[in-house]
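In: Sequence and predicted structure, then a few things I'm wondering about:
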Amino acid sequence: MAKIGLFFGTQTGNTQAIAETIQKEFGSDIVDLYDMAEVEAADFAAYNQLIIGCPTWNIGEMQADWEGFYDELDTIDFNGKIVAYFGPGDQIGYADNFQDALGLLEEKISSLGATTVGQWPTDGYDFTASKAVKNGKFVGLALDEDNQPELTASRIKTWVAQLKTSFN
């Protein structure tokens, strides 16, 4: 399997912990981790397969490092790249914008030529609205460490198995 670049932003450490779990599930020799606080646009060029990790913060916003990098995405050539998305959010406390950050990033990156993989079912979640839902599914793996932490490990395992097929 070709190397995968996993780019994550984290506010409280949850997204980083999830990124590390995803890396272990794939194999640490397959996935390279990048903290968005230290990323340059050129870092994306080395990978044709990417995983983007971003929590939805406050009321439907991207994590601060992603927010600061958002306009720089326009300088990256995403044509031919295959991209998967994941992020934690709070479906109960923020039911009206659960996982919005994933939707915002996926919309932007796919408009720049990337192909999205790793869509995830909305079954088992309790939310009202989300910019991350397209064609009845989340654009990526939706996690809720506040209300469903017991489901995170099994969801990651299932999602990574799905991505192994999509990335090959």
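Out: Arrived safely, thanks for sending.
In: and the helix or strand of the chain with the lowest mean pLDDT, how far out from the chain's middle?
Out: Least confident helix or strand of the chain, by mean pLDDT, DSSP states H and E, is strand 56-57 with a mean of 90. With Cα atoms, centre = their mean, to the nearest Å as the basis, strand 56-57 stands 12 Å off its chain's centre.
In: Run through who's touching that strand.
Out: With Cβ atoms under 8 Å, 6 or more residues apart in numbering as the test, strand 56-57 has contacts from 11, 62-64, 87-90, 94, 97-102. Using the backbone N, CA and C atoms, a C-beta is placed for each residue, glycine as well.
In: That strand: what's the following helix or strand?
Out: strand 61-62 (DSSP states H and E).
In: Need the pLDDT of the nearest residue to M62 once chain neighbours are set aside.
Out: For M62, ignoring the flanking residues on the chain, the nearest one in space by Cβ to Cβ, 6 or more residues apart in numbering is A101 at 4.3 Å. Reported pLDDT at A101 in the predicted model: 96.
In: Of the contacts of strand 56-57, which belong to strands?
Out: Cross-referencing the contacts of strand 56-57 against strands under DSSP state E gives 62, 87-88.
In: all helices for this structure, in order.
Out: Secondary structure of the chain (DSSP state H): helices at 14-26, 64-69, 100-111, 152-167.
In: Please work out which of those is packed deepest.
Out: Mean neighbour count (mean count of other Cβ atoms under 10 Å) peaks for helix 100-111 among the helices of the chain, with a mean of 21.
In: Among the contacts of strand 56-57, which one has the most neighbours?
Out: Q99 (35 neighbours; other Cβ atoms under 10 Å).
In: and the nearest residue to that residue once chain neighbours are set aside, what does it touch?
Out: The shortest distance from Q99 to any non-neighbouring residue, by Cβ to Cβ, 6+ apart, is to A132 (3.8 Å). The contact partners of A132, taken as Cβ under 8 Å, 6+ apart, are 85, 98-103, 106, 138-140, 142.
In: which regions of this protein sit below the pLDDT cut-off?
Out: Applying pLDDT under 70 to the chain flags the ranges 1.
In: still on that earlier bit, could you export the contacts of A132 as TSV, including distance to K24?
Out: TSV is the format used below for these (distance: Cβ to Cβ, whole Å):
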residue	distance to K24
Y85	19
F98	26
Q99	23
D100	28
A101	24
L102	22
G103	27
E106	24
F138	22
V139	23
G140	19
A142	20
